[in-house]
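Undergrad: Task: produce atomic coordinates for the following.
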Amino acid sequence: MAASSSSSSSQQLAGDGELILAACHGRPVTAYDALSGHVVADFPAPVNTSRHGLAVVAAPGAAAPFVAASHVCPVTGAGSVLLLHWWSRAPARSLPVPEPVAPLVAAPRGGSHSHLLAGGLSGRVHAIALPSGDVARSFRAHGGSAPVSCLELSDDGSLLVSGGYDGEVAVFVLLSVLDVDADADDASVSADLSLYRVPAHAAPVTCVACGRGGCDAVVATASMDGTCKVWTLKDGSHLRTLTLPCTAFSLTLDHLAARLFAGGSDGRVHVASLSPAAITSSSWHASGNTNAALVGVGMANGSKNLVTCTEDGEVSVWDIPSGLLLAASFRISGAVTDVMVIKKSAAAAAAAAAAAGDMVRPRDGGVGFTGVRDGEAWRRAGEVARMEQTLRESEVEKARSVELIEMAVGGYRRCLRLMLREVTATVAGGGHRPNDVSSSDGHVSD
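TA: Model prediction:
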């Protein structure tokens, strides 16, 4: 796709607007405005998360949804899930999990509880109950200790799709796997709770995307074997196989589930029709002057625009109908591991100071929520946060400078002691003191 002057970009991306939620290895999770690239929210806690390790979850009793991030401690290797609050600069909570986890997905809130589903290295999925933070249930998603690589929910929240390193795709009825009473039976702990399983690929599954339509929707999967496959969600019937010249690390479907957009490891967006009769496909380079892999693609503005993000942090917004670069690219600092396109609601844009509401899940623009503030209030909050960060950094530098000065003074003192010791030894041995004044007879006075 060719670049344009983007003179009408503000009008084309006006709508409700989108945010880009990005996680970089060892850096804080940050939210950017998709059009301008301005930082609208940041969470200072460093996070070590992997692909598909971000989710937005509405906890019962909370005024606004949380950003959840899977985290692995770089020192101990222990796994946890961090809940980050939009209005606080500290992690709201750190939820312990039985093992390191990578992919996360938030289940729709029901009654007084909501759940966060986390895929573990052992091939099990752990359902974390909120607001308690306890692991309500763990169930096997993939056999042979194959790690869970990606998780996705259908648009109505009824079915859970899991992709694993064994190349298998498993589909679960969400109500069944969240049935806590079933764990009372020891046999159910190791039982296969899947609705069905498909040996989809010959290599690990890298990503999953579900279309609209509930159980009648289509689901697309990608793998390290270089293929993307399209299935029916209700029974796993195979519809189409797309062969790519690379590995796709991210997938998204348009509003009508008519086209598939795959972000490749070659830095290109690969587009294909989902119709079994169509054989045409296309691609375009989306990683600027590099060939950095695309770690995230997402729909925006009612599937009129496509947001892409490379692993080296270059973000671009494309106009799908015209095939032009809609907004000038901006760069995220750090090695990007996961990206989400977050849809802002019109209500939040119109009333920035209003109380936040429940999370919504508009599939055409990614996961969304109504609690995002916009405009000048966000910019001022960001400026204050950056000033606080600068002040803390200056205090740290001041402490280091004082420490260096104290070390230098200590060194000077040791040097003076050595010089005094040398002078004392010279005098005691009958030598000449350097400051002695010669007497009138030519001899050095004692």
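
Undergrad: Now do the domain split for the chain, please.
TA: Domain segmentation of the chain under automatic domain parsing yields 15-372, 375-429.

Undergrad: And the helices in the chain?
TA: 9-12, 174-177, 186-189, 346-350, 376-428 (DSSP state H).

Undergrad: tell me the most buried of the domains of the chain?
TA: domain 15-372 (a mean of 19; mean count of other C-beta atoms under 10 Å). All C-beta spots, glycine's among them, are computed from the backbone N, C-alpha and C.

Undergrad: Quick one: residues contacting S275.
TA: 240, 258 (C-beta atoms under 8 Å, 6 or more residues apart in numbering).

Undergrad: what about 10 Å?
TA: Neighbouring residues of S275 by C-beta atoms under 10 Å, 6 or more residues apart in numbering: 230, 239-240, 258-259.

Undergrad: Quick check, A258 in contact with V230.
TA: No: contact criterion C-beta atoms under 10 Å: A258 and V230 do not qualify, at 11.4 Å.

Undergrad: what touches both of those two?
TA: What both A258 and V230 touch, as defined by C-beta under 10 Å, 6+ apart, is the set 211, 218, 274-275.

Undergrad: can you redo the residues you listed as JSON lines with distance to V29?
TA: JSON lines is the format used below for the shared contacts of A258 and V230 (distance: C-beta to C-beta, whole Å):
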{"residue": "G211", "distance to V29": "28"}
{"residue": "V218", "distance to V29": "31"}
{"residue": "L274", "distance to V29": "32"}
{"residue": "S275", "distance to V29": "38"}
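
Undergrad: rewinding a little: export the domains of the chain as a markdown table, with columns for mean pLDDT.
TA: Formatted as a markdown table, the domains of the chain follow (pLDDT from 0 to 100):
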| stretch | mean pLDDT |
| --- | --- |
| domain 15-372 | 81 |
| domain 375-429 | 77 |
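
Undergrad: Thought V219 was touching C228, still the case?
TA: No: with contact defined as C-beta under 10 Å, C228 does not reach V219; the gap is 11.1 Å.

Undergrad: okay, and the common contacts of these two?
TA: 209, 251.

Undergrad: would you list every one of the strands in the stretch 251-400 of the chain?
TA: Taking DSSP state E, counting those that start in this stretch, the strands of the stretch 251-400 of the chain run over residues 259-264, 268-273, 281-285, 294-300, 305-310, 314-319, 324-331, 336-344, 359-360, 368-369.

Undergrad: now those strands as JSON lines including distance to L195?
TA: Formatted as JSON lines, the strands of the stretch 251-400 of the chain follow (distance: least, C-beta to C-beta, whole Å):
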{"stretch": "strand 259-264", "distance to L195": "23"}
{"stretch": "strand 268-273", "distance to L195": "27"}
{"stretch": "strand 281-285", "distance to L195": "30"}
{"stretch": "strand 294-300", "distance to L195": "27"}
{"stretch": "strand 305-310", "distance to L195": "31"}
{"stretch": "strand 314-319", "distance to L195": "36"}
{"stretch": "strand 324-331", "distance to L195": "40"}
{"stretch": "strand 336-344", "distance to L195": "26"}
{"stretch": "strand 359-360", "distance to L195": "25"}
{"stretch": "strand 368-369", "distance to L195": "27"}
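
Undergrad: Would you mind telling me which of those is nearest R124?
TA: The closest of the strands of the stretch 251-400 of the chain to R124 is strand 336-344. By C-beta to C-beta, the value is 20.8 Å.

Undergrad: Sheet-wise, list the partners of the closest one with their directions.
TA: strand 18-24 (antiparallel), strand 368-369 (parallel) (DSSP bridges).

Undergrad: Restrict it to CA atoms and write it as PDB.
TA: C-alpha atoms of strand 336-344 as PDB (Å, rounded to 0.1, in the frame of the first residue of the first chain):
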ATOM      1  CA  VAL A 336       7.100  -5.000  21.600                       C
ATOM      2  CA  THR A 337       5.700  -8.400  22.700                       C
ATOM      3  CA  ASP A 338       2.000  -7.800  22.500                       C
ATOM      4  CA  VAL A 339      -0.500  -5.200  21.200                       C
ATOM      5  CA  MET A 340      -4.200  -4.700  21.600                       C
ATOM      6  CA  VAL A 341      -6.500  -2.300  19.700                       C
ATOM      7  CA  ILE A 342      -8.800  -0.800  22.400                       C
ATOM      8  CA  LYS A 343     -12.000   0.900  21.300                       C
ATOM      9  CA  LYS A 344     -13.000   4.100  23.100                       C
END
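
Undergrad: T227 contacts L244, correct?
TA: Yes: using C-beta under 10 Å, T227 is in contact with L244, at 6.8 Å.
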